[in-house]
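Novice: what follows is a predicted protein model with its sequence.
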Amino acid sequence: MSAKKANGEAVPQKIEEKLYQNRYLVDAGRPHVRIREYAEPSAELRRLVNVCPAGCYAINEQGKVEVMPDGCMECGTCRVLTAESGDIEWNYPRGGYGVSFKFG
Ligand code: SF4
């Protein structure tokens, strides 16, 4: 049930609340998204920190881009953005693992 404003209109759900509805089965030790080795992060790789809707990419204290794909929604955005640069290896998780979307 969604919250309502004083005028009776439904309050739109925040994206974080919607994402929280999803469930993930992590394939421990077998990440389906990996960053290939690099000396300096490319512009495409740095961009993933801001564009991944699940926040799987981050810049660590050494200025390196890291990926933690446990909450990945398998949208493919990072795969498309790095198609030319080849910065990442991307595969679907093995059967039974990965995201389960909750609709409604
Ligand atoms: S596939 Fe989508 S959700 Fe998963 S890591 Fe890439 S951008 Fe993020």
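Specialist: Done, it's in.
Novice: without its sequence neighbours, what residue ends up closest to the spatially most central residue of the chain?
Specialist: Note on the chain: the residue nearest the mean C-alpha position is Ala54, at 3.4 Å, using C-alpha atoms, centre = their mean. Closest residue to Ala54 apart from its sequence neighbours, by C-beta to C-beta, 6 or more residues apart in numbering: Gly71 at 4.6 Å. Where you see a C-beta, it was placed from the backbone N, CA and C, and this is true even at glycine.
Novice: Met73 is in contact with the residue nearest to the centre of the chain, correct?
Specialist: Yes - assessed by C-beta atoms under 8 Å, Ala54 is found in contact with Met73 at 5.1 Å.
Novice: which residues do the two both contact?
Specialist: Overlap of the contact sets of Ala54 and Met73 (by C-beta atoms under 8 Å, 6 or more residues apart in numbering) consists of Leu19.
Novice: pull the CA atoms of the helix or strand bottoming out on mean pLDDT in the chain into CSV?
Specialist: Of all helical and strand segments in the chain, the minimum by mean pLDDT, DSSP states H and E falls on helix 15-20, at a mean of 82. Only the C-alpha atoms of helix 15-20 are listed here, as CSV (Å, rounded to 0.1, in the frame of the first residue of the first chain):
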residue,chain,number,x,y,z
ILE,A,15,13.7,4.4,-6.5
GLU,A,16,15.6,3.1,-3.4
GLU,A,17,12.3,1.8,-2.0
LYS,A,18,11.5,0.0,-5.3
LEU,A,19,15.0,-1.5,-5.5
TYR,A,20,14.6,-2.8,-1.9
